[in-house]
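1. pasting a predicted model and its sequence here:
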Amino acid sequence: MWPGVIERYRAWLPVSEHTPVVTLREGNTPLVEAPGLLGRGKTLWLKFEGLNPTGSFKDRGMTLAVSKAKEAGARTVICASTGNTSAAAAAYAARAGMTCVVVIPDGRIAVGKLAQALAHGARVVALAGNFDEALAHVRALAEQHPALALVNSVNPFRLEGQKTAAFEIVDALGHAPTHLALPVGNAGNITAYGMGFRAYRDAGRIPALPRLLGFQAAGAAPLVLGHPVEHPETVATAIRIGRPASGERALAAVAESGGRVEAVTDAEILDAYRRLATTVGILAEPASCAAVAGVLKLEREGYFAAGDEVVVVLTGHGLKDPDTARAVSGVEPIRASSRAEIEALLELATPS
Ligand SMILES: *Cc1c(COP(=O)(O)O)cnc(C)c1O
């Protein structure tokens, strides 16, 4: 049985026999083929991280961060969040018997993520301010109050846990893909993939690093612009971040791999969302679709060559954000009160 990412990759992680492993058996997410999104001779895989226990990749980092917080004797975990970090922190804290405090930008997180944090019993603070301000507050608070364990991705254990996704991709394919594409917000996850692939390369498991392709939303693209964005705006709330905490490390990892960081518009993100939902059969949250949009854009520009194998990380499940799902479909249920009415709506040609 799959034991969760700490037990599966224990030798690669900073744990000992004294670490109490707090797990929900996260990881082991599938690579789903997406034929038809790239041209002939190229392969596209979707690593569906929305199938983790709380519906996003954040669980990989949270299992390790909460286990290490518990090992250190902390009773309370705290984080700032665009939503998925708070959902994961709340769930793993519940599992560990710890208290969880999350600070979210008021009115700016998807309804499913807020519901999760509340349901798992976290104390949720809705801050009048954006994510970058929330993060600054919790960092300062964690410094002043040693009993609080900060579980944002500035906590090094988060990235250590998240790097296991790179291991899983190589282990599943039997080799490294040529490209790895993902959305970039606080830039922790792309840094973590860089760490994972580098660890496997240094151990001789893969000959070279996949090129890392990071995509930001055009209204929240500090790494593309080269400076912080004071008022980040995008439909993809999970990457609505103007001052990425791991920005420099992320750019170094991208450069080392020969990859790139680019921006996609909200219209491109929503087009990709629709295409994924209606032709591939996967509902991924808008932030995840930024990576799909980015890969489709690079494909139009002729960036990929025959033989390329691209893995796109779908970072979170589309059910997290039902408001966007409803808005994107753009239609309402059709009302009916009888079988005849339903039949009339079928508009079926009568078989002859
Ligand atoms: C957190 C998150 C991101 C951004 O990851 P970073 O590590 O902040 O760059 C992207 N998509 C989803 C669904 C997320 O929850």
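-> Yes, it's here.

2. retrieve the pLDDT associated with the residue in the stretch 201-350 of the chain that the ligand sits nearest to.
-> Proximity to the ligand, evaluated over the stretch 201-350 of the chain using C-beta to the nearest ligand atom, is greatest for Gly316 at 2.9 Å. The C-beta positions use only the backbone N, C-alpha and C, and glycine is treated the same way. In this model, Gly316 is scored at 98, pLDDT.

3. what do you get for His137?
-> For His137, the pLDDT comes out at 96.

4. list the contacts of the closest residue to Leu276 other than its chain neighbours.
-> Spatial nearest neighbour of Leu276, chain neighbours left out: Ile282 (5.4 Å); criterion: C-beta to C-beta, 6 or more residues apart in numbering. Taking C-beta atoms under 8 Å, 6 or more residues apart in numbering, we find Ile282 in contact with Val32, Leu46, Phe48, Leu276, Leu314, Gly318.

5. wasn't the second one part of a strand?
-> Yes: secondary structure of Leu46, determined by DSSP: H, G, I helix; E, B strand; the rest coil: located in a strand.

6. which residues touch it?
-> Leu31, Val32, Glu33, Ala34, Val280, Ile282, Ala284, Val311, Val312, Leu314.

7. what about these, which one has the most neighbours?
-> Val312 (32 neighbours; other C-beta atoms under 10 Å).

8. rewinding a little: and the contacts of Ile282 near the ligand, which?
-> Filtering the contacts of Ile282 for neighbours of the ligand using C-beta under 6 Å from any ligand atom leaves an empty set.

9. can you lay out these as a markdown table showing distance to Tyr9?
-> Converted to a markdown table, the contacts of Ile282 look like this (distance: C-beta to C-beta, whole Å):
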| residue | distance to Tyr9 |
| --- | --- |
| Val32 | 22 |
| Leu46 | 22 |
| Phe48 | 19 |
| Leu276 | 29 |
| Leu314 | 21 |
| Gly318 | 28 |
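
10. inside strands: which ones of the contacts of Leu46?
-> Leu31, Val32, Glu33, Val311, Val312, Leu314 (DSSP state E).

11. ok, the first one - contacts?
-> In other words, Leu31. Trp45, Leu46, Lys47, Phe48, Ile169, Ala172, Leu173, Val311.

12. helix or strand: which one has the fifth one?
-> The reference is to Ile169. If you go by DSSP states H and E, Ile169 is part of helix 164-173.

13. chain center to the next helix or strand after that helix, what's the gap?
-> Proceeding C-terminally, helix 164-173 gives way to strand 179-183 as the next helix or strand, assigned by DSSP H and E. Here the centre of strand 179-183 is set off from its chain's centre by 11 Å, with C-alpha atoms, centre = their mean, to the nearest Å.

14. mean confidence for strand 179-183?
-> 98.

15. and that strand, what does it pack onto?
-> Applying 3 or more C-beta pairs under 8 Å, 6 or more residues apart in numbering; DSSP states H and E, we find strand 179-183 packed against helix 188-202, strand 211-217, helix 286-300, strand 309-314.

16. kindly recompute the last result at 6 Å.
-> Applying 3 or more C-beta pairs under 6 Å, 6 or more residues apart in numbering; DSSP states H and E, one finds that strand 179-183 contacts strand 211-217, helix 286-300, strand 309-314.

17. what's the nearest residue to the residue nearest the centre of the chain if we skip its chain neighbours?
-> In the chain, the C-alpha nearest the mean C-alpha coordinate belongs to Thr315, at 2.9 Å (C-alpha atoms, centre = their mean). Using C-beta to C-beta, 6+ apart and skipping residues adjacent in sequence, the residue nearest Thr315 is Ser288, 4.6 Å away.

18. same question for His137.
-> Nearest to His137 is Val103, by C-beta to C-beta, 6+ apart, at 6.2 Å.

19. can you say which helix or strand has the one you found in it?
-> In this structure, Val103 is located in strand 99-105 according to DSSP H and E.

20. check whether that strand contacts the ligand.
-> No: if you take C-beta under 6 Å from any ligand atom as the test, strand 99-105 misses the ligand, and the best it gets is 12.5 Å.

21. averaged pLDDT, that strand. What do you get?
-> 96.

22. flag every buried residue along that strand.
-> Within strand 99-105, the residues scored as buried using 16 or more other C-beta atoms under 10 Å are Thr99, Cys100, Val101, Val102, Val103, Ile104, Pro105.

23. in the sheet, who's paired with the fifth one?
-> I take that to be Val103. Legend: beta-bridge partners of Val103 under DSSP bridges are Ala80, Val125.

24. how much space separates it from the ligand?
-> Using C-beta to the nearest ligand atom, to the nearest Å, Val103 is found at 15 Å from the ligand.

25. does that residue touch Ala134 like I think?
-> Yes: at 4.5 Å, Val103 and Ala134 qualify as touching, with contact defined as C-beta atoms under 6 Å.
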